[in-house]
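**Q** Sequence plus the predicted model coming up.
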Amino acid sequence: MLFDTHVHLNADQFEDDVDEVIERAKSEGIEWMNCIGFDRKTIKRAVELAEKYEFIYASVGWHPVDAVDMTEEDLQWIEELAGHPKVVALGEMGLDYHWDKSPKDVQKEVFRKQIHLAKKVKLPIIIHNRDADQDIVDLLKEEHAEDVGGIMHCFGGSLEIAKECMKMNFYISFGGPVTFKNAKRPKQVAKEIPMDKLLVETDCPFLAPHPYRGKRNEPSYVKLVAEQIAELKELSLEEIAQQTTANANKLFCIT
């Protein structure tokens, strides 16, 4: 019983066959999924999928790449949706220094606003981080994000950064890259993360695990991520599945 804590079944890549993709995941033992909305279109679709499927939950937030597009009305809408019974977190939010659509200061402002909102509505946050490790950690500390905690999504940083985040009540989530043959650091870090701070995800349709690298990712492949972590930690798949699912249920207050 696996919990894919980060899916984008609301993406255009699943427009024609989302129901079949969901059925494949269920047949592979993926019992729960968290569908992430990050702009107007994807937030709406994430909530719709959560309403349609009992085992799908939604998270709503604003992606840092599109921070320059977020309005106060968008933030107010996210606050309203935070009260939805199937919305379990805010995000994804964070900093992305790879793309240059949104200036860094705008990204930071939008990130801070969403952390403030999460504290107000008492929901955990899902962090997107690309090429911004230290700024992410510093901002989380400044805003006392430990009050809500959350997930470091598709973690690719150092063990030192992971430890800083875990001190602030964050779980470390691994996706497809941990299975890549040349991914030395993700493997080393995953091996060291305590079981009670570990989560698994796909980030589908992106970052498909080996041997599907470069193809469309889907939730059924989260099993490959869990198998890789089980191998690294010299544990059974069942032990990884049980603990990561328990961790996700605890974080998202799912009983």
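**A** Happy to help now that I have it. Bear in mind the structure is a predicted one, so any value in this text is a computation, not a measurement.
**Q** The chain: strands as residue ranges?
**A** Secondary structure of the chain (DSSP state E): strands at 2-7, 30-37, 56-60, 87-96, 125-130, 150-152, 170-174, 198-200.
**Q** quick one: which of those strands is nearest Leu139?
**A** Proximity to Leu139, assessed across the strands of the chain by CB to CB, is greatest for strand 87-96 (7.5 Å). All C-beta atoms are positioned from the backbone trio N, CA, C, and that covers glycine.
**Q** Now do that closest one against strand 125-130, angle only.
**A** Comparing the axes of strand 87-96 and strand 125-130 via axes from the mean of the first three to the mean of the last three CA atoms, to 10 degrees yields an angle of 20 degrees.
**Q** What is strand 87-96 packed up against?
**A** strand 30-37, strand 56-60, helix 104-121, strand 125-130, helix 133-142, strand 150-152 (3 or more CB pairs under 8 Å, 6 or more residues apart in numbering; DSSP states H and E).
**Q** Would you mind writing the CA trace of the fifth one as PDB?
**A** Extracted in PDB, the C-alpha atoms of helix 133-142 (Å, rounded to 0.1, in the frame of the first residue of the first chain):
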ATOM      1  CA  ASP A 133      19.000  25.200  -1.400                       C
ATOM      2  CA  GLN A 134      20.300  27.800   1.000                       C
ATOM      3  CA  ASP A 135      17.700  30.500   0.200                       C
ATOM      4  CA  ILE A 136      14.900  28.000   0.800                       C
ATOM      5  CA  VAL A 137      16.300  27.000   4.200                       C
ATOM      6  CA  ASP A 138      17.000  30.600   5.200                       C
ATOM      7  CA  LEU A 139      13.500  31.700   4.200                       C
ATOM      8  CA  LEU A 140      11.800  28.700   6.000                       C
ATOM      9  CA  LYS A 141      13.700  29.600   9.100                       C
ATOM     10  CA  GLU A 142      12.800  33.300   8.900                       C
END
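**Q** Quick one: mean pLDDT for that helix?
**A** Averaging pLDDT along helix 133-142 gives 98.
**Q** How far does that helix sit from its chain's centre?
**A** Relative to the centre of its chain, helix 133-142 is centred 18 Å away, using CA atoms, centre = their mean, to the nearest Å.
**Q** Same check on the first one?
**A** How far strand 30-37 lies from its chain's middle: 9 Å, per CA atoms, centre = their mean.
**Q** and it, which strands flank it?
**A** strand 2-7 (parallel), strand 56-60 (parallel) (DSSP bridges).
**Q** Take these and lay them out in TSV including distance to Lys101 and mean neighbour count.
**A** Shown next, in TSV, are those (distance: least, CB to CB, whole Å; neighbours: other CB atoms under 10 Å):
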stretch	distance to Lys101	mean neighbour count
strand 2-7	22	28
strand 56-60	20	27
